[in-house]
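Novice: no sequence on hand, only this structure:
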Ligand code: COA
Ligand code: ZN
């Protein structure tokens, strides 16, 4: 495999991007989206959620989509999981990584997974135990994702202490990685620096951290740069800026993968992603998803010549 890129990008459109839509995206379209993302060189794809279909009907076909996604061995294939039952389904499906969610905000945690934060931490420990019970070599990766790390549309401010409490619980229960999610897009560059530093102090420098950013208020890419300055090299993003949490009112889409890739490459940071091919995801999305949900500066402006001369 080629040299690891400077910045690792996880494409979350097949999961975060679709979970909030009120239309069902056909299984073949989901698979075609994943194919195009993988063909563009993306190394990690969040391909769906193992949640009850009555809670999020979009993922009623997750087993079929995951089986298809897992045929792409150039990419790590992950799934969002809210509880032990979801983890059992993800393990049975053979995914490479589980993203287990706990919100820093008690109110959002209740709305999202109908549990207290403490109960959700217990759930994470049980998922860790289920993975550890497997033979060595078959133990998938386990990421702890902290939703509402930079603010909550239900509670407002979320304290540094609340984020650090969940981060510590994840670290003590041996998460392989911790994701800090700006679920509703309230972060600022300054807050990114503060929370990343606080979480690092809490869990130690050896823990891998990633950022998951939404662009509700237009600070998404600025927040990504603040993350880079804070030493983060792993980011979630969604093609065409899709995304939003069904249980966090007011959240808009994720930062746009195409725009993030362009910015990083222009900054001299490699992503391993072929932008022209990534842009082809738009055609698949436009066929199934109303235009009001699709965004992206590069899609409007086209890829400027500067990138090609810089490459
Ligand atoms: N996958 C499939 N079925 C599941 C499941 C899962 N992960 N978890 C629970 N179920 C089933 C149970 O078996 C039970 O089925 P039954 O009624 O036939 O007995 C039923 O769902 C209720 O189970 P329960 O444990 O009481 O769940 P709940 O109703 O309290 O809901 C969650 C809890 C976590 C499953 C739900 O809140 C959820 O899916 N949240 C995630 C929301 C999300 O995706 N947010 C966006 C991403 S952050
Ligand atoms: Zn999100």
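Specialist: Nice, thanks for sending it over. Everything numeric here is computed off the predicted structure, so don't read it as measured data. Ligands and ions are numbered 1, 2, ... in the order given.
Novice: which residues does residue 29 contact?
Specialist: Residue 29 sits next to 284, 287, 288 when contact means Cβ atoms under 8 Å, 6 or more residues apart in numbering. To be clear about C-beta, it is placed using only N, CA and C from the backbone, and glycine gets the same treatment.
Novice: quick check on the residues you listed: which are buried?
Specialist: Buried by 16 or more other Cβ atoms under 10 Å: 284, 288, out of these.
Novice: what about the contacts of residue 29, which are in helices?
Specialist: 284, 287, 288 (DSSP state H).
Novice: as JSON lines, the residues you listed with pLDDT and distance to ligand 1 would be great.
Specialist: Shown next, in JSON lines, are those (pLDDT from 0 to 100; distance: Cβ to the nearest ligand atom, whole Å):
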{"residue": "284", "pLDDT": "98", "distance to ligand 1": "22"}
{"residue": "287", "pLDDT": "98", "distance to ligand 1": "25"}
{"residue": "288", "pLDDT": "97", "distance to ligand 1": "20"}
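Novice: looking at those, which is nearest residue 111?
Specialist: residue 288 (27.5 Å; Cβ to Cβ).
Novice: near ligand 1, which residues of this structure? Just list them.
Specialist: Within the chain, the positions adjacent to ligand 1 are 19, 49-52, 55-56, 80, 82-83, 85-86, 89, 101, 112-114, 147, 245-247 by Cβ under 6 Å from any ligand atom.
Novice: filter the residues you listed down to the buried ones and express that as a ChimeraX selection.
Specialist: For the buried members of these, the matching ChimeraX selection, counting by 16+ other Cβ under 10 Å, is:
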select :19,49,50,51,56,80,82,83,86,89,101,112,113,147,245,247
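Novice: what about the residues of the chain next to ligand 1, which are in strands?
Specialist: Among those, the members falling in strands (DSSP state E) are 49, 80, 101, 147.
Novice: in a markdown table: the residues you listed, plus pLDDT and distance to residue 10.
Specialist: Shown next, in a markdown table, are those (pLDDT from 0 to 100; distance: Cβ to Cβ, whole Å):
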| residue | pLDDT | distance to residue 10 |
| --- | --- | --- |
| 49 | 98 | 14 |
| 80 | 98 | 12 |
| 101 | 98 | 15 |
| 147 | 98 | 16 |
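Novice: apart from its chain neighbours, what residue comes closest to residue 117?
Specialist: Among residues not flanking residue 117 along the chain, residue 109 sits closest, at 5.1 Å (Cβ to Cβ, 6 or more residues apart in numbering).
Novice: which residues are contacting the host helix or strand of the one you found?
Specialist: Per DSSP states H and E, residue 109 falls inside helix 106-113. Taking contacts as Cβ under 8 Å, 6+ apart, the residues outside helix 106-113 that touch it are 82-83, 101-103, 115-117, 120, 147-148, 152, 154-155, 162, 183, 245, 247-248.
Novice: look at residue 70 and say how many residues are nearby.
Specialist: 16 (other Cβ atoms under 10 Å).
Novice: can you tell me the helix or strand for the nearest residue to it once chain neighbours are set aside?
Specialist: Spatial nearest neighbour of residue 70, chain neighbours left out: residue 77 (5.3 Å); criterion: Cβ to Cβ, 6+ apart. According to DSSP H and E, residue 77 maps onto strand 76-81.
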